[in-house]
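Student: this one's structure only:
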C-alpha cells in the first residue's frame, strides 16, 4: 500500500539545518548558524504537516468512445486527499494519442480541480489504451510524498472518421423487399416502366385514362419495383502499407481501407440497404447483413478493432461466403493471393464485385532508393501485383482506386447494365 | 535526463539555478575558494541539477557551509547573507525541480508560493546574523543559547504560518 514518505527535499533541508546548527553549537562558528537558519522553517513546517490520511486517486475519462480527431479529458479524482497540497500526474504516451499538456505531465497545486485535467486527443481510429499514468501527491511545504501510484490504462474506442463519400449509382442486383434501388422487376414503385392492357388484379388507380380513351381499351401504367440491396464490405487487413500520420497526416493503406469501409457502410445503411462486413485478417471478424443505425454502429465498432496481420499470409483459399444478388466491395491492397483469388472466384460466379484499391503510393526514396534491397523488393512486389490485377480485370472485375465521392458510380452503372444481359454463371 | 530537448522551460530554469546558486554561495565569500572545493561543489551541483532527488544536493549545501565556517576568516559579514540566500534559493529550486519529471512544466502558482515561502524562510538568516552581531561575545557558551533561541523563534514563526501554507496564497 502506498504511504506518505518524507521527500528528498525535506531530507536535504533537515541535513543542512541539522549539520549547520549542530556544527555551530559544537564549533562555535556563527557562519554555520546563519547559513543553516533558512532551512529550519521548511523542515519544521514540513514535519508538522505530516499527513495521516490515505488518499485514493482515480482518473476518469470524459468519454470512452469518440471519433478520431476529437478529444476527451482525463480528470483526477482524489478522495481523502485534503492534506495534499500539490499533485503530479505523468500520463504515459500512447501511439496516435496526443495530450495537453503536450508532455503528458503536469505538476499543479490541488486547489483547483480543473488544473489537474489532462486533455486527450485521438489521432487515429482504433482502440488505444490511454490513462496509464502515475500520480503523486505532496503535502504542505513539500514535507511528505504519497506515491507515485500507478493508475491502470483504460481503453478508448476511436471510431474511424468516415471519408467523404456519396454515390448516385444504384445497386446492380437489388434483391431485397423494399428499398431505394430500382429493380428490374415490375412492381409497385414510382419509376415508370411501361403501359399494358388491363388485366384482372390490376389496381384501378393504375389505369391510364388518356391512353385508354385513345385506344378504347383499358390500359394500365406499370412501374418498376424498388428494392434494397445487400452490400458486403470486405476489409483486407493482412498488411498495413505505409506510415499513418493520424487523422490529419498521411494515410496508410489500412487507414484508407478502414475509413473507406466506414464511408461505404454509412452511405448504404443510410440508403436503407442491408450491409455486412468481413474482415480478412487477425480475428476474422464478420458482421452479418443488417440495416439501421444500430447496425452501422456495430460495423463501425468492428472497424475500430481492425489490426494488421504480422504473420506470414498462408496461400490458402479464402471463402467470403457470398451469395448471389449481393454487391461486394473488396477494400484491399491486392497484395496477397488469397484475397485476389477469392475476388476472382466471386466475379466468375457472377457476383457484382468492385475492388477498391487502397494501396497508397510509396516513395522509393523512403525505402532507400530504387536499387536498394527494399526498393527492389517493393518494385518486384508491384510487378506481381500488377499481373494479378491484370488477370482480375480480364475476368470483368472492376478495380478502382479510392477517391472518395463517386468512386464506384461508374463501375456500378456498368455492372447494372451488364446484369441485364443474360449470361452463363460458372459455379 | 538525456533528453534535454523535452525539458520544459520552467524545469530548465530551476535546474540552472540549482547548478549555479551553490557556486554563487562560494563566489560571494571574501576569499577565493580552492580548486578542490570548487570542483566538489560544481560536481555536486550539476549532479543535483540533473537528478534533483539525489544525495548530491545535501553534499553541495553542507560543503559550502563547511567551507564558509572553516576557510573564511571572520565570516560574519554581509556577504554571508548572500550566501545564505543562494543556498536557500538552490534548495527551493531543487525542490521545485523534483516535483515532477523534467518534461513537466511547473504551475505558476506553485512557483509563486514557493518563492514566498523561500523568502519567509530566509528571514531567519538576517535574524541569525543580527543575533550574532549583537551577541558578539568570545564566550562560546553563548552559541548553544543563540541557536536554541533561533530554533524557538523559527518554531514560533512557523506555527503562525503553518495554516496558511496549505493554501496557494500563503
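Tutor: Ah, there it is. The model shown is predicted, which means the values in this text are computed figures rather than measured ones.

Student: Pop the domain breakdown of chain A in here.
Tutor: A:7-48, A:56-159, A:181-227, A:230-419 (automatic domain parsing).

Student: pLDDT wise, what is residue 146 at?
Tutor: Here I'm looking at chain A. pLDDT recorded at residue A:146 is 90.

Student: wrong chain, I was asking about chain B
Tutor: On the pLDDT scale, residue B:146 gets 61.

Student: same check, this time on residue B:20
Tutor: 93.

Student: for it, what are its contacts?
Tutor: Contacts for residue B:20 (CB atoms under 8 Å, 6 or more residues apart in numbering or on different chains) come out as residue B:45. Just so you know, the C-beta spots here come from the backbone N, C-alpha and C atoms, and that holds for glycine as well.

Student: Wait, a strand at it?
Tutor: No - under DSSP: H, G, I helix; E, B strand; the rest coil, residue B:20 sits outside any strand and is assigned helix.

Student: Let's verify the closest residue to residue A:29 other than its chain neighbours: helix, strand, or coil?
Tutor: Using CB to CB, 6 or more residues apart in numbering or on different chains and skipping the chain neighbours, the partner closest in space to residue A:29 is residue B:69 (4.1 Å). On the three-state scheme (three-state DSSP), residue B:69 is labelled helix.

Student: Please tell me I have it right and residue B:69 contacts residue A:32.
Tutor: Yes - if you go by CB atoms under 8 Å, residue B:69 and residue A:32 touch, sitting 4.7 Å apart.

Student: Could you count how many residues lie near the residue nearest to residue A:29?
Tutor: 21 (other CB atoms under 10 Å in any protein chain shown).

Student: Could you say which helix or strand holds the residue nearest to residue B:106 when sequence neighbours are not counted?
Tutor: Nearest residue to residue B:106, sequence neighbours excluded (CB to CB, 6+ apart): residue B:10, at 4.0 Å. Using DSSP states H and E, residue B:10 maps to helix B:9-27.

Student: Any residue of the helix or strand following that helix touching chain A?
Tutor: Heading C-terminal from helix B:9-27, the first helix or strand you meet, by DSSP H and E, is helix B:35-50. No - if you take CB under 8 Å from any CB of the partner chain as the test, helix B:35-50 misses chain A, and the best it gets is 9.0 Å.

Student: joint contacts of residue B:69 and residue A:32?
Tutor: Joint contacts of residue B:69 and residue A:32 (CB under 8 Å, 6+ apart) are A:23-24.

Student: What are the boundaries of the strands in the stretch 251-400 of chain A?
Tutor: Ranges of strands in the stretch 251-400 of chain A, per DSSP state E, counting those that start in this stretch, are A:274-280, A:286-290, A:326-332, A:352-357, A:399-401.

Student: so which of those comes closest to chain B?
Tutor: strand A:274-280 (37.9 Å; CB to the nearest CB).

Student: neighbouring strands for the closest one, and are they parallel or not?
Tutor: Next to strand A:274-280 in the sheet, as set by DSSP bridges, lie strand A:230-236 (parallel), strand A:286-290 (antiparallel).

Student: most packed of the ones you listed?
Tutor: The highest mean neighbour count among the strands paired with strand A:274-280, using mean count of other CB atoms under 10 Å in any protein chain shown, belongs to strand A:230-236: a mean of 26.

Student: Look up phi and psi at residue A:312.
Tutor: phi -70, psi 130 (degrees, to the nearest 10).

Student: burial of it, as a residue count?
Tutor: Neighbour count for residue A:312, taken as other CB under 10 Å: 6.

Student: measure it to residue A:378 for me?
Tutor: 18 Å (CB to CB, to the nearest Å).

Student: Let's have the strands of the stretch 251-400 of chain A in JSON lines, adding mean pLDDT.
Tutor: What follows is the strands of the stretch 251-400 of chain A, written out as JSON lines (pLDDT from 0 to 100):
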{"stretch": "strand A:274-280", "mean pLDDT": "88"}
{"stretch": "strand A:286-290", "mean pLDDT": "87"}
{"stretch": "strand A:326-332", "mean pLDDT": "88"}
{"stretch": "strand A:352-357", "mean pLDDT": "87"}
{"stretch": "strand A:399-401", "mean pLDDT": "86"}
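
Student: what about those, which gets the closest to residue B:109?
Tutor: strand A:274-280 (50.5 Å; CB to CB).

Student: Give me the contact list for that closest one.
Tutor: A:176, A:228-238, A:261, A:264-265, A:268-269, A:285-291, A:295-296, A:299, A:302-303, A:306, A:318, A:320-321, A:332, A:338-339.

Student: and the angle from it to strand A:326-332?
Tutor: For strand A:274-280 against strand A:326-332, the angle by axes from the mean of the first three to the mean of the last three CA atoms, to 10 degrees is 30 degrees.
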